[in-house]
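Enquirer: Turn this into a model:
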Amino acid sequence: MEVAIRKMGNSQGVLIPKPILAQVGLEGTADLQVRDGVIEIRPVLRNPREGWADDARRLAEQGDEVLVWPEFANDGDDELVW
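Expert: Modelled structure (predicted):
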């Protein structure tokens, strides 16, 4: 697909059609790189557990880390060190 390079403020850019964005899963932000003379735009890959440690600390400080359903705990769970 041939697209026009357009002036956008002090920069230049191309408009990417919505179906193409949906096809590659881009929304919000993207990872933009140049490799071997080719511009690559990819979805930002995040660690699915990013921020878990901070949330666990916050919950522990608030005393909210108790089991929601304590009757479903496993034998020996009370001996685990987190």
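
Enquirer: from the middle of its chain, how far away would the strand or helix carrying R58 be?
Expert: Element membership for R58, per DSSP states H and E: helix 52-62. Helix 52-62 has its C-alpha centroid displaced from the chain centroid by 20 Å (C-alpha atoms, centre = their mean, to the nearest Å).

Enquirer: In it, which residues are buried?
Expert: Neighbour counts over helix 52-62 (16 or more other C-beta atoms under 10 Å) mark no residue as buried. Just so you know, the C-beta spots here come from the backbone N, C-alpha and C atoms, and that holds for glycine as well.

Enquirer: pLDDT of it, averaged?
Expert: Over the span of helix 52-62, the pLDDT mean works out to 86.

Enquirer: Can I get it as PDB, trimmed to CA atoms?
Expert: Output in PDB follows, covering the C-alpha atoms of helix 52-62 (Å, rounded to 0.1, in the frame of the first residue of the first chain):
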ATOM      1  CA  TRP A  52       2.900  -7.100  41.000                       C
ATOM      2  CA  ALA A  53       5.600  -6.700  43.600                       C
ATOM      3  CA  ASP A  54       4.600  -3.100  44.300                       C
ATOM      4  CA  ASP A  55       0.900  -4.100  44.600                       C
ATOM      5  CA  ALA A  56       1.800  -7.000  46.900                       C
ATOM      6  CA  ARG A  57       3.700  -4.600  49.200                       C
ATOM      7  CA  ARG A  58       0.800  -2.100  49.200                       C
ATOM      8  CA  LEU A  59      -1.700  -4.800  50.100                       C
ATOM      9  CA  ALA A  60       0.500  -6.100  52.900                       C
ATOM     10  CA  GLU A  61       0.800  -2.600  54.300                       C
ATOM     11  CA  GLN A  62      -3.000  -2.300  54.200                       C
END
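
Enquirer: pLDDT-wise, which helix or strand of this protein ranks last?
Expert: The helix or strand of the chain with the poorest confidence is helix 52-62; it has a mean of 86 (mean pLDDT, DSSP states H and E).

Enquirer: any chance you could map the helices in the chain?
Expert: Ranges of helices in the chain, per DSSP state H, are 18-24, 52-62.

Enquirer: helices or strands next to the helix holding R58 in the packing?
Expert: Here helix 52-62 touches no other helix or strand, going by 3 or more C-beta pairs under 8 Å, 6 or more residues apart in numbering; DSSP states H and E.

Enquirer: That'll do, ta.
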